[in-house]
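Trainee: Pasted the sequence and its predicted model underneath.
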Amino acid sequence: MEIKIDDLTGPEVAELIREHLHSMTLNSPPESIHALGLEKLRKPEITFWSAWDGQELLGCGALKELDLEHGEVKSMRTSSSHLRKGVARRMLQHMIDEAKRRGYRRLSLETGSMEAFAPARRLYASVGFQYCEPFADYLEDPNSVFMTLEI
């Protein structure tokens, strides 16, 4: 698996982000969807990576800089044909390593509270993320859970 910084211009990545956004609409009410589309992912404070096996897209993830010591995990998604193969774990570890390299002291994330998001919550907890209060501009929401990792 090769993980590389992605400029979000390829059709495979665009389709994966569309799939990600669509799945959010199936599992969350509109006011509780915090996933970012392509244009919002192209902001200078966001680094976006894609994971590949040759020409096949395996998944993606992004790291948003909230401040010089705090980053946010965004847009974690595994291609549906590669679920449960370790793609998300590798991407998450890549982002944790990058956060350490940047000197962040904390990584945080928002994910859904519904059963559909249970695998994501288990993955985050397995690497040390703990539940926390809303951070940055997030508000308390029964459809969201917030997690953080001190690094």
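Mentor: Done, it's in.

Trainee: Do a quick rundown of the strands in the chain.
Mentor: Secondary structure of the chain (DSSP state E): strands at 2-5, 46-53, 56-67, 70-78, 106-112, 130-132, 144-150.

Trainee: Can you get me a residue count around the closest residue to residue 147 other than its chain neighbours?
Mentor: The shortest distance from residue 147 to any residue other than its chain neighbours is 4.0 Å, reached at residue 129 (C-beta to C-beta, 6 or more residues apart in numbering). No exception for glycine: its C-beta is placed from N, CA and C like everyone else's. By other C-beta atoms under 10 Å, 22 other residues sit near residue 129.

Trainee: Likewise for the one 5 residues further on?
Mentor: Applying other C-beta under 10 Å, we find 14 other residues in the vicinity of residue 134.

Trainee: Let me know whether it touches residue 146 as I believe.
Mentor: Yes: using C-beta atoms under 8 Å, residue 134 makes contact with residue 146 at a distance of 5.3 Å.

Trainee: shared neighbours, these two?
Mentor: Here residue 134 and residue 146 have residue 110 as joint contacts, going by C-beta atoms under 8 Å, 6 or more residues apart in numbering.
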